[in-house]
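Trainee: Sequence isn't available, so here's the structure alone:
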C-alpha cells in the first residue's frame, strides 16, 4: 500500500482532465488538420489516458482497504475510462477510434456533489415529471395529427405524413423554430400559435415542478443540519422546542440579530 | 362474474399500449410504404383494439359491482377507445380511417395520478393563469398592430394586414423565431427586441405562477399525510401541538436526526 | 337614476366584447376583402361602440352616487373607449380610423382581479426586476460590441455597426434565433454559444424572481384571510396562538384531518 | 474638502449617464454617418467623460475621509471609467478608440443594490449551478458526438466534424434554432427532438435552482429585518417567542388583521 500516494491524483483533476481530453477528441475530427497537430492531439489523449490509468490503480488499491458498496459507481467509471479507449485502440482500425474516449464524459459525474441531489429531486418528483412528459407526448402527437390533416394538401413535401408533421410539431412545441417547416394556411398558423403557447405552458410546468422539488430538498437538508448545531448550544436549551424548531428553520445564520429578547 | 379475471389486463398496459398504436397510426400515413408493412401496422392496430375491447368489458363488468361516480371518466375513455375506431372502420372508406385511432391519446390520461394534481393546481391558480393569458392576448394584439403600422409600407407581403402581423407577433412573442417574417426597419427591430423581452417576461410569469401553485399543492398534501402519521407515534404525544406541527412540516424524513434533545 | 338598470351591462361583457371588436379591427386591415364583409365588420364595431357608450353612461351615473377615488382608472378606460373611436371617426379620413378602436385593449384590464396582484408583485420585486433588466442591457451591449469586433471583417453587411450587431445580440440572447444574422467565424460561434447560455440564465433569473414574488404574495394573502376565519372558531380558541398560526398557514383546508389529537 | 459639494454628482446619474454614452459609442460605429453627427456624438462622449472625471474626484476625496475597504470596487470602477477612455484617446489612432468607452458598462453595476443580492444567491447556489453547467457541457458534447456520427455522411459541410456538430448542438439545446444546420436523416431528427427536450429540462433546472436561491435569500432578509421591528413593539412582548417568530415570518405587513384574539 506504500505505492498508493504516488498513484493518487487530486480528485477534481479527475473532472478537469476530461475537458482537454474531449477537446482533443473534437479536434481530431476536423478534416483539414495537419499531421503534426493530429499527432499532438493524440499525445494529449495518451497522456490523459495515462493519468486515468494511475487513478484507476489508486481507486482499486484503496478499494481493498475500504468499503465497496457506495464506491461501485466510481470504480465502474474509473475502469470504463481506461478500458474503453484501450479496447478501441486495439480493435478499431479507422480514425474513429478516438471517438471512444468520449466515455470520459462520465468522469465529471464521478465526484460531483450535485448529481446525488439532482437524483433525489428527480426521484421525489418522478410522478409529476413522468406526468408532464406524458402530457408532452400526447400534445405532440395530437398536434402533429392536426398539422398533418390541415397542411398535407398544401405542402405535401413538409407535412405529407404524421412523422414529418411531428418534426414540425416538436420544433414548434419546444419553441426552437428552425424555420424549415412552416404552416402556410390560416388554420395551420392559428394551430402553430396555440402549439407555441402549449409549449411554453409545458415548459413552465417543468420549471415549476423542479423549483418545488429543489426547494423541498434544500429545506429538508438545512433543517437536519441546523437542528444538530442549534440543539447543542446551551443558550438555546432553555427555550421550548417550538422556538428551537423555528430558529433552526430561519437559519443559515451569520446574520441572526444579536440579542433577541426572549 | 367469473369471466372477469380473464378479461382484466394490467392497468399500466392501458397507457403503454397506446404508444405502439399511435406509432402504427403515424406509420400508416407514410406515402411510400410497402403493402406488406402497411398490413403489419394494421394488424398491430387490430391487436391493440382487441386488447382495449377486453379492457372495456372488464371495466364495464366491474362497474356493475362497484360505485359509478368517480369512474365515469375512465369508463367513457374505455368506451370511446373501442367505439371510435370501430365506427371509423365501418363508416369511413378512405385510408384516413386509421387516424381515428388517435382517440387512444386519451388512454394515458386515464390512470395517471398526475393529472388530478395538475387539475387542482390549474383550478387553484385559474384566476392568475387567466390573467396572464389575457395579458398575453392584449400584448399580442397591441404588438401586431404596432408591427403592422411600422412595417406595412416596407414589406406589404409580410405585414400587409393585422392577421399577417399577428403571425410575426406570436412567433416572436413565444421566442420561436421561424425567421419567415422579420422586420427590416429600425423601428421594427427595436419593437421586435421589446416583444422578445415581453415574451420572456410573460413566460416567466407563467412559470412563477405554476411553481407557486405546485408548491402550495405539495405542501398541503404533505402536511395532511404526515400529520396522521406523526400524531400516532407515542413518543411525539408528550410534545405540545406547536412542535408537532413543526415536525410534521419538516418531514418526508428518513433523515431526521436520531435523538433530538427535548 | 331610474335609467341606470337599463344602461348597465354585465361587467365581464366589458372584457369579452373587446375580443370581437379587436377581431373586426384586424379583419378590416385585410386588403382583398369584399365591400360587403367590410360593411359587416364596421357594423360590429358600431354595435360594440354603442354597448360601451351605454356602459360609460352607467359608470358615470353610478359615479355621482358612489366614491370617486378607486374608480378613476375604470372611469378613464370607459371614457377613452368611447371618445377615442369617436374622435377617430370624425377627424381621420383614411381607412386607418378603425385602428383607433384598439384602445379597447384596455377593457380587459378594467375589471380583472389579476392585474392588481401582478402590480403588487412587480412593485415588491421592483428592485430585483430593474436589476435583472439592467444586467440584460449591460450584457446586450457588451455582447453586441464583441460580435461587432469579431464579425465586422467577415460579414460587414450584417455586423457592420454596433446597432446591427445588437439586432443579432437581442435575437440570440432571447433565444429567438430568426437566423438572418449568424456568426461565421469560430470565435463568433463560441461567443454565440455563450450568449445563448447567458440568455437562458437571465430568463431563469426573471422566472425565479417572479416565482418568489408570487409565492410571497399568495402566502401573505392566505395568512390574513385564514387568520380571521380560524380565530373565530370556538374549538380553536383553547389552543395557544403558536398552534393557531400554524393551522392558519397550513390551510386552504377542506382537507384538514378530522380529529387531530390535541 | 470645501470643493467636494461642487464635485459631487447625484449617484443614480452615475448609471443613467452610461446609457447615452453607450448609445453614442454605438452611433459612432455606423459607417454612413455625416461628419456633423459624428462630431455631436463625440461631444456627448466628452461631456460624459467630464462628468465621470468630477465623480471620480469626489469619490477619491471622500475616500480620504472615510473607510476604504467596502468602497474599493466603486473606486476602481470610477477610476477605470476615466482612465480607459483617456488612454484610448491618447494611444489608439483609429476610429475604434471610442469603443473603449464601453468600460462605462461597469457604471450601472456600481451603486445597484441588486447585484450584491444576486452575488449572494449565486454564491449560495454555486454548487448546484456548477453542477447544472457541468451537466450542460456533458450533454452538449455527447449530443454533438451523436449528431456528428449520424449526419456526417449526409451533410459533411454542416456536420463534418465535432466542432461543427457542436454549433448545431448548442443552437438546438438552447432552443435558439437559427435553422442553418438541420439534421436531415430520421435518426438525426429524433435526436434533435430529444436535444430540444433536454435543453428545456436543463433550462428548467436553472430556473428552479435560481427561484429556490432567491426565495431563501428573501426569506432570510425579511426575517432579520422584521424581527428587530416586531421584538420592539410592547404589545408583542407578552407573547411567547414562538408566536413572535411566526408573526415575524408572516409579515411585510401593512395588511396584518387588526385585533387578533390572543
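Mentor: Looks like it arrived, so ask away. Note that the structure is a prediction, hence the values are computed from the model and not measured.
Trainee: ok, residue A:133 - contacts?
Mentor: Listed by Cβ atoms under 8 Å, 6 or more residues apart in numbering or on different chains, the contact set of residue A:133 is empty. Any C-beta I mention is one placed from the backbone N, CA and C, and that applies to glycine too.
Trainee: ok, the residue lying closest to residue A:73 once chain neighbours are set aside - contacts?
Mentor: In space, and not counting its chain neighbours, residue A:73 is closest to residue A:110: 7.6 Å by Cβ to Cβ, 6 or more residues apart in numbering or on different chains. Residue A:110 sits next to A:14-15, A:73-74, A:77-78 when contact means Cβ under 8 Å, 6+ apart.
Trainee: In three-state terms, label residue A:182 for me.
Mentor: Recorded secondary structure, residue A:182: coil (DSSP: H, G, I helix; E, B strand; the rest coil).
Trainee: Next up, the contacts around it.
Mentor: With contact set as Cβ under 8 Å, 6+ apart, residue A:182 has these partners: A:168, A:192, B:178, B:180.
Trainee: for residue A:209, same thing?
Mentor: By Cβ under 8 Å, 6+ apart, residue A:209 lies in contact with A:125, A:128-129, A:132, B:211, B:214.
Trainee: Once you drop chain neighbours, what's closest to it?
Mentor: With Cβ to Cβ, 6+ apart as the criterion, residue A:209 has its nearest non-adjacent residue at 4.7 Å, and that residue is residue A:128.
Trainee: Check residue A:13 too.
Mentor: Nearest residue to residue A:13, sequence neighbours excluded (Cβ to Cβ, 6+ apart): residue A:51, at 7.5 Å.
Trainee: quick one: that neighbour from residue A:43, how far?
Mentor: 13 Å (Cβ to Cβ, to the nearest Å).
Trainee: Compare the two (neighbour count), which wins?
Mentor: Under the neighbour definition other Cβ atoms under 10 Å in any protein chain shown, residue A:51 and residue A:43 were set side by side, and residue A:51 has more, 16 against 11.
Trainee: Helix or strand: which one has the more buried one?
Mentor: Residue A:51 belongs to helix A:35-65 when assigned by DSSP states H and E.
Trainee: cool, and residue A:169?
Mentor: Under the assignment given by DSSP H and E, the secondary-structure element containing residue A:169 is helix A:162-173.
Trainee: Okay, buried residues for that helix please.
Mentor: By neighbour count, with 16 or more other Cβ atoms under 10 Å in any protein chain shown as the criterion, the buried positions of helix A:162-173 are A:162-173.
Trainee: wait, which of the residues you listed is closest to chain B?
Mentor: Of all the buried residues of helix A:162-173, the one with the least separation from chain B (Cβ to the nearest Cβ) is residue A:162, at 3.8 Å.
Trainee: give me every residue that touches that closest one.
Mentor: With contact taken as Cβ under 8 Å, 6+ apart, residue A:162 is in contact with A:141, A:144-145, A:148, B:25-26, B:29-30.
Trainee: Out of those, who's the most crowded?
Mentor: Within these, most neighbours by other Cβ under 10 Å means residue A:144, with 28 neighbours.
Trainee: relative to helix A:162-173, how tilted is whichever strand or helix holds that residue?
Mentor: In this structure, residue A:144 sits in helix A:126-151 according to DSSP H and E. Angle between the axes of helix A:126-151 and helix A:162-173 is 120 degrees (criterion: axes from the mean of the first three to the mean of the last three Cα atoms, to 10 degrees).
Trainee: Could I get the average pLDDT for helix A:126-151?
Mentor: Here helix A:126-151 scores 91 as its mean pLDDT.
Trainee: Among the contacts of residue A:209, which one sits closest to chain C?
Mentor: Comparing every one of the contacts of residue A:209 with chain C (Cβ to the nearest Cβ), the shortest separation belongs to residue B:211, at 4.3 Å.
Trainee: Without its sequence neighbours, what residue ends up closest to the closest one?
Mentor: For residue B:211, the closest residue by Cβ to Cβ, 6+ apart turns out to be residue A:208, at 3.6 Å.
Trainee: Go ahead and confirm the one you found touches residue B:214.
Mentor: Yes: here residue A:208 reaches residue B:214: they are 4.8 Å apart, a contact under Cβ atoms under 8 Å.
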